[in-house]
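>>> Can you look at this prediction? I've put the sequence above it.
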Amino acid sequence: MYLNNQVQLITYVDRLTGAGLTELNDVLLNEFKELFGGVHLLPFFNPIDGEDAGFDPIDHTEVDARLGSWSDIATIGRSHDIMADLIVNHVSAQSLVFQDVLEKGSASEFFDLIMTKEKVFGEHAQQEDIDKIYRPRPTPCFTPMTCQTGEVINVWTTFTDNQIDIDVTGTMGQAYLTKILDTFERNNIKLIRLDAAGYAIKKAGTNCFMLDDTFDFINGLSAQANSRGMNCLVEIHSYYKTQIEIAKRCEAVYDFALPPLVLHTLFNNDAKALYDWLCISPQNCVTVLDTHDGIGIVDVGPEGDKPGLLTAQQIDALVNQIHSNSNGQSLQATGAAANNVDLYQVNCTYIDALGNNQQDYLLARAIQFFAPGIPQVYYAGVLGLNNDMALLAQSQVGRDINRPFLDKETLTNAVQSSFFAAMRQLILLRNSHPAFNGDFSIILGDDHRNLNLSWNNDSSHISLHIDLNAHTATIKYSTAELDTQTLIIKDASIR
């Protein structure tokens, strides 16, 4: 990948700064100085406050004026690698193109851009074909909409009825995506997150998810991005063996199995499942513990009669422990308790999933930073912020529990805390030590309570030893010019 092998930040522009892109650049250069080699700017398109917090763009090539302009993004790109979302699957129902379809029906010049049930299944869809479609959410797959002409079109709505699926295979769909790529290229975007790419290709008789044709589509889109000096990161939640296969066929994937496996390890003082995964996990990955979405579960679960990284019983215990550790707050934000939720996620900050235990949280981050891949840290996570129950109560959107709006005072207080000092120390070590550009190895103790993650690069070495008996960790590192140094993670500090 073109990205630096350093820790990356994930953030909403307005929710971190309380303002726009200029203020975000100031934070990156001051409060977060030298911490992040890059930043994933969550959707900054017009509008940022749609139904799905920017993932339902009206215009994917226009920066929301409340945040700033493309020139402000290009400025950030001069000091940090920028990742932006290419929302390949859908467009807002409020977009000019779909509003034109609602006005003119099939006579609209944009009708070919919109995906409908009939385009895939014909006029007489078989229910058995409909039942095969993989659903990420409990909402209907199709939404009947009546045009001003009187026509009723069965619009494909994978996520919500404000997110209108597009036909990426047609001439108009290809032109739509190319226009976005051209805009990204002009404005210093280095990495593209292909949001919901697994749902982009629909074929009758299939589950319409990660088909062979989907891989062809992703690879074609990646080739276009590569020719413009950009890479593509595929965002897919799926069975772990599917993730491994996706990684073989794509430039980069997320390691979404890591977050629940780290929790399972710390909850049960047993690193066997985590060890088994890190022995086979893709190397061309981006690692996360928390994101703007919830904590994924499907990524470690079974698929039909095929075993997962965790059993169904272990997953139930994991979810219940998160609910208990968060004093029931995650339960209020997950499943039928809140709107706009995914079936495969628990909504909770990572630190509250750990019972607000800062020591365990630092252990979790250390594991993430030593695991294969480029680490990303969410803005609420780097500051150690707790569940935002007031925002959840206000919006009734489950994922808002981990999408806080900060002001300058909250940010200032957070970066002055002892917790943030420890996070800073971990991040700077991950960014600077040359061994992380070398080879990874892992050793599990016989009792599954001791785990050692190591990196070696010529004469540079660094290792992390996790002791699950004491819930402490030891980091040892050296280079050709530096004798072995030792750091201990204990009592929520590093010394």
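Looks like it arrived, so ask away.
>>> Specify the local secondary structure of the residue nearest the centre of the chain.
Nearest to the mean C-alpha position of the chain, counting by CA atoms, centre = their mean, stands Thr291 at 5.2 Å. Counting by DSSP: H, G, I helix; E, B strand; the rest coil, the backbone at Thr291 sits in coil.
>>> Do you know the pLDDT at it?
Per-residue confidence (pLDDT) for Thr291: 95.
>>> quick one, what contacts it?
For Thr291, the contact set (CB atoms under 8 Å, 6 or more residues apart in numbering) comprises Ile10, Gln376, Tyr378. Every C-beta, even on glycine, is put in place using the N, C-alpha and C of the backbone.
>>> Now do the contacts for Ser108.
For Ser108, the contacting residues are Asp100, Val101, by CB under 8 Å, 6+ apart.
>>> what's the distance between it and Leu102?
Distance of Ser108 to Leu102, given as CB to CB, to the nearest Å: 8 Å.
>>> same check, this time on Asn187
31 Å.
>>> cool, Val27 as well?
41 Å.
>>> Same check on Leu310?
Counting by CB to CB - Leu310 and Leu102 are separated by 45 Å.
>>> So which of the two has more stuff around it?
Counted by other CB atoms under 10 Å, Leu310 and Leu102 do not tie: Leu310 has more neighbours, with 23 against 18.
>>> in the chain, which ranges drop under the pLDDT threshold?
The chain contains residues with pLDDT under 70 at 1-3, 336-344.
>>> Domain boundaries for it, per the record?
The chain resolves into domains spanning 8-88+169-435, 96-165, 438-494 when parsed by automatic domain parsing.
>>> Tell me how far the first one lies from the chain's centre.
Same thing as domain 8-88+169-435. Chain-centre distance of domain 8-88+169-435: 2 Å, with CA atoms, centre = their mean, to the nearest Å.
>>> ditto for the shortest one
The gap between the average C-alpha position of domain 438-494 and the chain average comes to 27 Å, counting by CA atoms, centre = their mean.
>>> what does stretch 151-162 give?
The answer for stretch 151-162 is 25 Å, by CA atoms, centre = their mean.
>>> contacts for that stretch?
Residues contacting stretch 151-162 (CB under 8 Å, 6+ apart): 50-52, 55-56, 89-90, 92-94, 101, 105-106, 114-118, 120, 136-137, 139-147, 163-165, 196, 199, 202, 340.
>>> before we move on, back to that, quick one: which of the contacts of Thr291 is nearest Thr486?
When those are compared for distance to Thr486 (CB to CB), Gln376 wins out at 27.4 Å.
>>> doesn't that closest one fall inside a strand?
Yes: under three-state DSSP, Gln376 falls within a strand.
>>> so who does it touch?
Per CB under 8 Å, 6+ apart, neighbours of Gln376: Val7, Gln8, Leu9, Ile10, His40, Val286, Thr287, Val288, Thr291.
>>> Same check on Thr265?
Residues counted as contacts of Thr265 (CB under 8 Å, 6+ apart) are Ala271, Ala273, Leu274, Ile367, Leu451, Leu468.
>>> Strands of the stretch 1-150 of the chain, start to end?
Here the stretch 1-150 of the chain has its strands, by DSSP state E, counting those that start in this stretch, at 8-11, 38-41, 45-46, 59-63, 81-87, 90-92, 142-146.
>>> Quick one: closest of these to Arg495.
strand 8-11 (25.4 Å).
>>> tell me the contacts of Glu134?
One thing to correct before we go on: residue 134 is Tyr, not Glu. Tyr199, Asn207, Cys208, Phe209.
>>> Run a quick neighbour tally on the last one.
With neighbours defined by other CB under 10 Å, the count for Phe209 comes to 20.
>>> Look up how far Asp491 lies from the nearest residue to Ser493 once chain neighbours are set aside.
Distances taken as CB to CB, 6 or more residues apart in numbering place Ala422 nearest to Ser493, at 5.5 Å, with adjacent residues excluded. Using CB to CB, we find Ala422 at a distance of 10 Å from Asp491.
>>> Likewise for His448?
His448 is 24 Å from Asp491, by CB to CB.
>>> now, among the contacts of Tyr134, which is nearest to Met230?
Lowest distance from Met230 to these (CB to CB) belongs to Tyr199, with 21.8 Å.
>>> Just confirm the closest one contacts Leu211, I think it does.
No: between Tyr199 and Leu211 there is no contact under CB atoms under 8 Å: 10.2 Å.
>>> Of those two, give the one with the bigger neighbour count.
In this view Tyr199 and Leu211 are compared by other CB under 10 Å, and Tyr199 has more residues nearby, 23 against 16.
>>> looking at the domains of the chain, which is buried most?
Comparing the domains of the chain by mean neighbour count (mean count of other CB atoms under 10 Å), domain 8-88+169-435 comes out on top with a mean of 20.
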